[in-house]
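sequence? don't have it. structure:
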């Protein structure tokens, strides 16, 4: 049996990511998708923790730290799986451990540290994560909290995330070959936006992935080429693939579209209020894996 995992580049080349090609056996075996669907609920937060567990942390604080985590992942050119996995750790920890708000950024850094070590070919160092906090935390605090997070999550770190479903769903849809890459990028954009929104934290990863892909395909207006990709037909097909109720999936997709619309409005308002060139350049950068302004609703 041949192995096709070929690494290229060097550690000094930050733009090069060592990545193995997708195993076609995994994509073509229906048991893989069924196993993901079977275990995904076990990696969801145990409760809506803002009402039941957290007394000092508000939803807007979670959105702020999630946005910061996304910026760090982008700055480090981390692989797409890192951010959703880190957010999964964050939500699961907050669902079982009351946390003071002044420790929230430390918790976010620890979650990225763990996700990066598990998934990334070039893990982010503790020193660099401390630097991204303007040195408000120390490497020793990061390592101490790493053990705390691992204990509270029972060392169950190989969580199922929406990214795990993307290729599985795409293979089962009648997508035009020349649009697959763009659909994947837009889907990852929606998934990243969902991770920053606390209102979607309790939804199963398969539903987030299906809703994100449905919103991406509709935004690209691919129904002109294939009637199977019209909004209603596509929702029915996605629901069948992931064993999801159609009404629940439709509601999730609409919620995702509202999150994107709000993000676009925020981005445009920030650009309009910018008074100098550096601020305009900052607003021009994408805040998601692909620029949200490329997505049409």
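Arrived safely, thanks for sending. Everything numeric here is computed off the predicted structure, so don't read it as measured data.

What is the end-to-end distance of stretch 130-137?
End-to-end distance of stretch 130-137 (Cα to Cα, to the nearest Å): 6 Å.

typo on my end, stretch 195-209
11 Å.

got it, and stretch 173-184?
The first-to-last residue distance of stretch 173-184 comes to 12 Å (Cα to Cα).

tell me the domain ranges of this structure?
44-152, 163-294 (automatic domain parsing).

so which of the ones you listed gets nearest residue 38?
domain 163-294 (9.9 Å; Cβ to Cβ). To be clear about C-beta, it is placed using only N, CA and C from the backbone, and glycine gets the same treatment.

now that closest one: mean pLDDT?
The pLDDT scores in domain 163-294 average 79.

So what's the gap between that domain and the chain middle?
Centroid separation for domain 163-294 versus its chain: 11 Å, with Cα atoms, centre = their mean, to the nearest Å.

ok, back up a step: want to throw the domains of the chain into JSON lines with mean neighbour count and distance to residue 29?
Conversion of the domains of the chain to JSON lines gives the following (neighbours: other Cβ atoms under 10 Å; distance: least, Cβ to Cβ, whole Å):
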{"stretch": "domain 44-152", "mean neighbour count": "18", "distance to residue 29": "20"}
{"stretch": "domain 163-294", "mean neighbour count": "18", "distance to residue 29": "10"}
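
Looking at those domains, which is nearest to residue 35?
domain 163-294 (10.3 Å).

Show me what the longest helix along the chain is packed against.
In the chain, taking DSSP state H as the definition, the longest helix is helix 246-273. Applying 3 or more Cβ pairs under 8 Å, 6 or more residues apart in numbering; DSSP states H and E, we find helix 246-273 packed against helix 180-196, helix 205-219, helix 231-242, helix 277-284.

how about those in CSV, adding distance to residue 142?
Listed next are these as CSV, based on distance: least, Cβ to Cβ, whole Å:
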stretch, distance to residue 142
helix 180-196, 21
helix 205-219, 27
helix 231-242, 36
helix 277-284, 27
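
element containing the one residue sitting closest to the centre of the chain, please.
The centroid of the chain falls nearest to residue 84 when counting by Cα atoms, centre = their mean (3.2 Å). Secondary structure from DSSP states H and E places residue 84 in helix 82-94.

Which strands or helices does whichever helix or strand comes after that helix pack on?
Elements were assigned by DSSP H and E; along the chain past helix 82-94, the next helix or strand is helix 104-119. If contacts are counted by 3+ Cβ pairs under 8 Å, 6+ apart, helix 104-119 sits against helix 59-75, helix 82-94, helix 126-132, helix 139-152.

do you know which of those helices lies nearest residue 39?
That would be, of those and by Cβ to Cβ, helix 82-94, which comes in at 13.1 Å.

what's the angle from that closest one to helix 59-75?
Orientation check (axes from the mean of the first three to the mean of the last three Cα atoms, to 10 degrees): helix 82-94 against helix 59-75 gives 150 degrees.

Which pLDDT value goes with residue 117?
93.

Contacts only, for it.
For residue 117, the contact set (Cβ atoms under 8 Å, 6 or more residues apart in numbering) comprises residue 123.

ok, now how distant is it from residue 74?
18 Å (Cβ to Cβ, to the nearest Å).

May I have the residues that are in contact with residue 238?
The neighbourhood of residue 238, defined by Cβ under 8 Å, 6+ apart, consists of 169, 173, 210, 211, 213, 214, 244, 249.

Throw those into CSV and include distance to residue 181, thanks.
CSV is the format used below for those (distance: Cβ to Cβ, whole Å):
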residue, distance to residue 181
169, 15
173, 14
210, 19
211, 20
213, 14
214, 18
244, 25
249, 24
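
Sort out which one of those lies nearest residue 99 for me.
Nearest to residue 99 among the contacts of residue 238 is residue 211, at 28.9 Å by Cβ to Cβ.

is it true that the closest one touches residue 248?
No. At 9.4 Å, residue 211 does not count as touching residue 248 under the criterion of Cβ atoms under 8 Å.

before we move on, the earlier item: distance from the chain centre to the helix holding residue 84, please.
The answer for helix 82-94 is 9 Å, by Cα atoms, centre = their mean.

Can you give me the separation between the nearest residue to the residue nearest to the centre of the chain once chain neighbours are set aside and residue 208?
Leaving aside its sequence neighbours, residue 84 sits nearest to residue 161 (Cβ to Cβ, 6 or more residues apart in numbering; 4.2 Å). Distance, residue 161 to residue 208, by Cβ to Cβ: 9 Å.

Same check on residue 216?
Using Cβ to Cβ, one gets 12 Å for the distance from residue 216 to residue 208.

same deal with residue 120?
Residue 120 sits 21 Å away from residue 208, taking Cβ to Cβ as the criterion.
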